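Undergrad: dropping the sequence and predicted coords here.
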2 protein chains.
Amino acid sequence: MAHTPLYEATDEDRSNWPQVVIVGGGFAGISAARRLSKERVVVTIVDRHNFHTFLPLLYQVATAGLEPADVAYPIRTIFGNAKNVRFRHGFVRRIDQVERLVILDDGARIAYDHVIVATGATASFFDIPGARRYALPLYSLADARALRNRLLLALEEADVAGERASVALNFVVVGGGPTGVETAGALSELIDIVIRRDGLRLDGDTARVRLVDLAPRLLTSFPESAASYAKRELERMGVDVEFGRSVVEVEERAIRFADGERLEAVAVIWAAGLTATGTLTDDLSTTSGPGGRAMVGADLAVVGCVNVWCAGDGAAIPDGAGQYCPQLAPVAIQSGRHCAAQISRVLAGEATQPFHYRDKGIMATIGRRAAVAKLPHLGVIRGTTGWLAWLGLHLWYLVGFRNRLRVMINWTWRYFDWPSGPRLIVADAETAE
Amino acid sequence: MAHTPLYEATDEDRSNWPQVVIVGGGFAGISAARRLSKERVVVTIVDRHNFHTFLPLLYQVATAGLEPADVAYPIRTIFGNAKNVRFRHGFVRRIDQVERLVILDDGARIAYDHVIVATGATASFFDIPGARRYALPLYSLADARALRNRLLLALEEADVAGERASVALNFVVVGGGPTGVETAGALSELIDIVIRRDGLRLDGDTARVRLVDLAPRLLTSFPESAASYAKRELERMGVDVEFGRSVVEVEERAIRFADGERLEAVAVIWAAGLTATGTLTDDLSTTSGPGGRAMVGADLAVVGCVNVWCAGDGAAIPDGAGQYCPQLAPVAIQSGRHCAAQISRVLAGEATQPFHYRDKGIMATIGRRAAVAKLPHLGVIRGTTGWLAWLGLHLWYLVGFRNRLRVMINWTWRYFDWPSGPRLIVADAETAE
């Protein structure tokens, strides 16, 4: 049967094409959809948000350096021109493998020939009492806004309290991985800005950022030299870095450690670890992998399922050396693309291929002109070079040109220490007067 | 006694200066503070938001053309360099005229020598049943965000409903003043964009914007020619304009009119009228003016009070011709500045002067290259010229250069119909999975 070219296909042609449902519009889901948009399949992306979030920059939204719209991009707009990609706003409740249906919260049932589960991961609170309730995670745009409102409100409250007496103002970041390091650094810069520029009546000694971790060092996925550089830089910026600290409880305005210390804290930011999002992966796997992730074969098919694939942070992807790939954006992008390619192969009657992660390196920024990167061929780079590399890469990967431009403006502003920046406390609920 | 120059004053000098408290950081409050920052007084601006909002562009935030940070500016940043201006985050409960104290919700008491009440106005629902609960006003950044989420969600829901059957999708704007006209125009453009660019499964005939008003014409403060031009332009964009329609009830997803019609509506946007904000003005005036505004003398001192001034939308400002000044940004700016000048005069032992509003004209934009303006010397201008005038003026008055730049980018994008725009549905509350 002769195929009409993809770009000439009509709605009627498309109605006969195989249906691929992608659950989740994160890095994995979007890259899978991009790849599949060039094939003779109909793709439906289901997400409970109508936008894709650039997670690596969320901490900047939380610390009032960027606006929500700078790191989020409407999914419909990404695929505006692709006639065979559809966005469906909704929340997937379960996957019916017998009937081959994706079943949504609102009762809708979407038939599939293949389904890619790309639901990602979220903060893991390790069942520490109070953590889920009082600690502030940083894994969605709503998290970032909530954290920003909390931080700015805490600073305003401190200014008010300054009318009476000087108060201690601790911001505790739990977790010394890239998210923890970046958040602690940016938070320290934010405090510096509001004191110097906004005339907040605080002094740098009362407002402390503390980064705590159970591990004996920062950035365990980086070489030791990068970790010690990050620690030095953070300390130079006034951040207290404390190792070997085990959190036993989080209270509304305090945190308790295993050594008995109870520290008053205006905000406890949770950057301690991830768990796979939701029950979808649980439903599919009879056994779940580390961090609640779905067990997948070398080709990224979910173990024990037919035509169900899993990519990104929600998948326990074998790295070929007996371990699992880390939960990173490049892994999500590559694995999403790989799932898409395997679906094409299966549909063409070909055998699937194993996934190989091409290491793109890892990086973390600490502050202005201070970043560390571990790159595949170049090794560890740091300082201004590392920071410029970080800057370029993140701008490059931001989805839209317009977002890049706006982010560039915001960063330029902060870099040159010009006034303003989106330091707004905007709550949904207004108290009526 | 010789005065040291203002810029050389020390904290000790300032502790002896008269205290001026400004309640509200809108146009009136900010312009008063700006004027007073050059005098030997200590100014405290109290606002429950830490930012100033550029209200004339709120409807663009609501229709996803601009981001919240584009139209809001942190108050602290505006006065970053003025040592005698302080921002206090809080909500004023009442003014104790006997003790000369401004009393805040959190119990704080701020002593004043002079106080300027600049608390503005908010939507008036005229006691129409259901209006306060279900209609969406547009008078704060939170309002704008709530409206945006509602509009975008309604469009997504319509896309979902399109899976089953075609549904009518009415967006009703109540009020044919500038806010109503601008919102209806921008909303019509938004719907056009999401259908054409985002591939939403709607057709332009099911999604209708309806602008209803009790009056027999639009823009009653403009000449008739401007009003009929606005009506033609709106209709050309597909907006239904209906006059003589009296709203008797607003339901969760419907609106009822006096003629008996009940219209299903996914959103009822309330641009019907203003009332002075809060009880502060009620406390002060024994008799309140039109729309709950405080009665003030020609010098803007609140009638019956001592050293209490009122400016902006919350004041019933005599226009010298037996009427009151309209509730417009230029009136707010000029009256705020006038209050500040009168305080300086009183402190210097001089007599106060009456306020004279210098008419700056009025304008409203309808859509791309369509606006109307009534200018003091030029009369009515409209079409592309009016639109360019509107554009330039609004950019000029935006508080910070950075905001101007970002707004310029957003507008350029929409003008040239490039993809993206901040069409994000971001709620504070996330449903946990």
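TA: Good, I have the coordinates.

Undergrad: could you use CA atoms for every contact and neighbour count after this?
TA: Will do.

Undergrad: roughly how far does the spatially closest residue to residue A:425 that is not a sequence neighbour sit from residue A:136?
TA: In this structure, residue A:425 finds its nearest non-sequential neighbour in residue A:149, 5.0 Å apart by C-alpha to C-alpha, 6 or more residues apart in numbering or on different chains. Going from residue A:149 to residue A:136 by C-alpha to C-alpha, to the nearest Å gives 11 Å.

Undergrad: and stretch A:330-338, C-alpha only, in PDB?
TA: Backbone C-alpha positions of stretch A:330-338 (Å, rounded to 0.1, in the frame of the first residue of the first chain) are rendered in PDB as follows:
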ATOM      1  CA  PRO A 330      19.300  14.400  29.400                       C
ATOM      2  CA  VAL A 331      18.300  10.900  30.400                       C
ATOM      3  CA  ALA A 332      14.600  11.800  30.200                       C
ATOM      4  CA  ILE A 333      15.100  13.400  26.800                       C
ATOM      5  CA  GLN A 334      17.100  10.500  25.400                       C
ATOM      6  CA  SER A 335      14.900   7.800  26.900                       C
ATOM      7  CA  GLY A 336      11.700   9.500  25.600                       C
ATOM      8  CA  ARG A 337      13.100   9.600  22.100                       C
ATOM      9  CA  HIS A 338      14.200   6.000  22.500                       C
END
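
Undergrad: who touches it?
TA: A:27-35, A:118, A:299-300, A:310-313, A:325, A:355, A:357, A:359-360 (C-alpha atoms under 8 Å, 6 or more residues apart in numbering or on different chains).

Undergrad: distance between it and the chain's centre?
TA: Distance of stretch A:330-338 from its chain centroid, counting by C-alpha atoms, centre = their mean, to the nearest Å, is 14 Å.

Undergrad: and the helices in the stretch 101-250 of chain A?
TA: With helices called from DSSP state H, counting those that start in this stretch, the stretch 101-250 of chain A shows them at A:131-134, A:141-161, A:178-196, A:224-236.

Undergrad: now for the second one, which elements pack on it?
TA: For helix A:141-161, the packing partners by 3 or more C-alpha pairs under 8 Å, 6 or more residues apart in numbering or on different chains; DSSP states H and E come out as helix A:58-62, strand A:267-270, strand B:85-89.

Undergrad: can you redo these as CSV with distance to residue A:124 and mean neighbour count?
TA: As requested, the helices and strands packed on helix A:141-161 are exported to CSV (distance: least, C-alpha to C-alpha, whole Å; neighbours: other C-alpha atoms under 10 Å in any protein chain shown):
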stretch, distance to residue A:124, mean neighbour count
helix A:58-62, 17, 26
strand A:267-270, 9, 24
strand B:85-89, 34, 23
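
Undergrad: of those, which is nearest residue A:84?
TA: helix A:58-62 (30.4 Å; C-alpha to C-alpha).

Undergrad: identify the residues contacting that closest one?
TA: A:66-68, A:71, A:138-141, A:143-148, A:179, A:182-183, A:186.

Undergrad: what's the first helix or strand after the lowest-mean-pLDDT helix or strand in chain A?
TA: Least confident helix or strand, chain A: helix A:280-284 with a mean of 68, by mean pLDDT, DSSP states H and E. Once helix A:280-284 ends, the next helix or strand along the chain (criterion: DSSP states H and E) is strand A:294-295.

Undergrad: after that next one, next one along is what?
TA: Next along from strand A:294-295, by DSSP H and E: strand A:308-310.

Undergrad: packing partners for that next one?
TA: strand A:114-117, helix A:329-347.

Undergrad: and if we set it to 6 Å?
TA: strand A:114-117 (3 or more C-alpha pairs under 6 Å, 6 or more residues apart in numbering or on different chains; DSSP states H and E).

Undergrad: show me what the strand it packs on is packed against.
TA: strand A:19-23, strand A:308-310.

Undergrad: how about it as PDB, C-alpha atoms only?
TA: This file holds the C-alpha atoms of strand A:114-117, laid out as PDB (Å, rounded to 0.1, in the frame of the first residue of the first chain):
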ATOM      1  CA  HIS A 114       1.100   2.000  22.400                       C
ATOM      2  CA  VAL A 115       1.400   4.000  25.600                       C
ATOM      3  CA  ILE A 116       4.400   5.800  27.000                       C
ATOM      4  CA  VAL A 117       4.400   6.500  30.700                       C
END
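
Undergrad: can you tell me what sits against it?
TA: Strand A:114-117 is contacted by residues A:20, A:21, A:22, A:23, A:307, A:308, A:309, A:310 when judged by C-alpha atoms under 6 Å, 6 or more residues apart in numbering or on different chains.

Undergrad: buried ones in stretch A:101-115?
TA: A:101, A:102, A:103, A:104, A:109, A:110, A:111, A:112, A:113, A:114, A:115 (16 or more other C-alpha atoms under 10 Å in any protein chain shown).

Undergrad: which two from the contacts of strand A:114-117 end up farthest apart in space?
TA: A:23 and A:307 (13.7 Å).

Undergrad: centre of the chain to stretch A:296-314, how far?
TA: Using C-alpha atoms, centre = their mean, the offset of stretch A:296-314 from its chain centre is 21 Å.

Undergrad: same deal with stretch A:230-239?
TA: On C-alpha atoms, centre = their mean, the centre of stretch A:230-239 falls 24 Å from the chain's centre.

Undergrad: what do you get for stretch A:365-373?
TA: With C-alpha atoms, centre = their mean, you get 19 Å for stretch A:365-373.

Undergrad: CA atoms only for that stretch, dumped as PDB, please.
TA: Only the C-alpha atoms of stretch A:365-373 are listed here, as PDB (Å, rounded to 0.1, in the frame of the first residue of the first chain):
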ATOM      1  CA  THR A 365      25.400  26.700  39.400                       C
ATOM      2  CA  ILE A 366      26.200  28.200  42.800                       C
ATOM      3  CA  GLY A 367      25.900  31.900  42.200                       C
ATOM      4  CA  ARG A 368      27.000  34.700  40.000                       C
ATOM      5  CA  ARG A 369      30.000  33.500  38.000                       C
ATOM      6  CA  ALA A 370      30.300  30.300  40.000                       C
ATOM      7  CA  ALA A 371      29.300  26.900  38.700                       C
ATOM      8  CA  VAL A 372      30.600  23.400  38.400                       C
ATOM      9  CA  ALA A 373      30.300  21.100  35.600                       C
END
